[in-house]
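A.B. asks: Build me a model:
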Amino acid sequence: LRLVGSEMCIRDRHNEQYALKVGKTATQKTYTRYELTKNRLAEYIHNKYNVEDITFREINVVFIEGFYLFIRENYPCTHNTAMKFIQRFRTVVNFAQGTGLITADPFANYKLKFEYIERGYLDKDEISRICNKDFASKRLEQVRDIFIFSCYTGLSYVDICELTSNDIRFGKSSVSCPLK
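C.D. replies: Take a look at the predicted model:
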């Protein structure tokens, strides 16, 4: 069984299966991140081993750590973003295990470690300044409006992107939109 380029490419099989969930239990954005992980993994294998494909037997902690370092060194991202690539790769490996295609777990001795990030908050004055800011382009005004809407509703960017006019309910003195 090969990881990348053969007919039995488990990575492609996972992503094809995941694509069927888009719009039901998964988002298009998450699917595109799995596709990006697939492409970064292919780049890593090609650059590091000068081959187009490897077997699952060749995946171990050294391979996983090398993939992490490849992401950090070649793409401008933080530790946590690189860990998300590793996490998605682990999901593909778990998929292979779940289908019975592999029995050994290459991640058995690898621990995903995310760094805690202290997130700051905007106060009312800062939100008001953003709200009243004039922008040179219509696009930036839309970005501002979506951001302010997110601040007041608590909806994530992904939830706002999927929001339709049918989701918004107008009451006598309130507006609501149910979370999905």
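A.B. asks: Distance from the chain centre to stretch 35-42, please.
C.D. replies: Relative to its chain's centre, stretch 35-42 lies at 12 Å (Cα atoms, centre = their mean, to the nearest Å).
A.B. asks: Next: stretch 50-63.
C.D. replies: Remark: stretch 50-63 is offset 23 Å from the chain centroid, using Cα atoms, centre = their mean.
A.B. asks: and the end-to-end length of that stretch?
C.D. replies: End-to-end distance for stretch 50-63: 14 Å, by Cα to Cα, to the nearest Å.
A.B. asks: Counting neighbours, show which residues of it come out buried.
C.D. replies: Neighbour-count burial for stretch 50-63, with 16 or more other Cβ atoms under 10 Å as criterion, is recorded at 54, 56, 59-60, 63. Any C-beta I mention is one placed from the backbone N, CA and C, and that applies to glycine too.
A.B. asks: Quick check: next helix or strand after the lengthiest helix in the chain?
C.D. replies: The longest helix of the chain (DSSP state H) is helix 28-49. Using DSSP states H and E, the helix or strand that follows helix 28-49 in sequence is helix 61-74.
A.B. asks: Show me what that following helix is packed up against.
C.D. replies: Using 3 or more Cβ pairs under 8 Å, 6 or more residues apart in numbering; DSSP states H and E, the elements in contact with helix 61-74 are helix 28-49, helix 79-98.
A.B. asks: tell me what the longest one is packed against?
C.D. replies: For helix 28-49, the contact count by 3+ Cβ pairs under 8 Å, 6+ apart identifies helix 10-19, helix 61-74, helix 79-98 as packing neighbours.
A.B. asks: Rounded mean pLDDT for the last one, please.
C.D. replies: In this model, helix 79-98 has an average pLDDT of 95.
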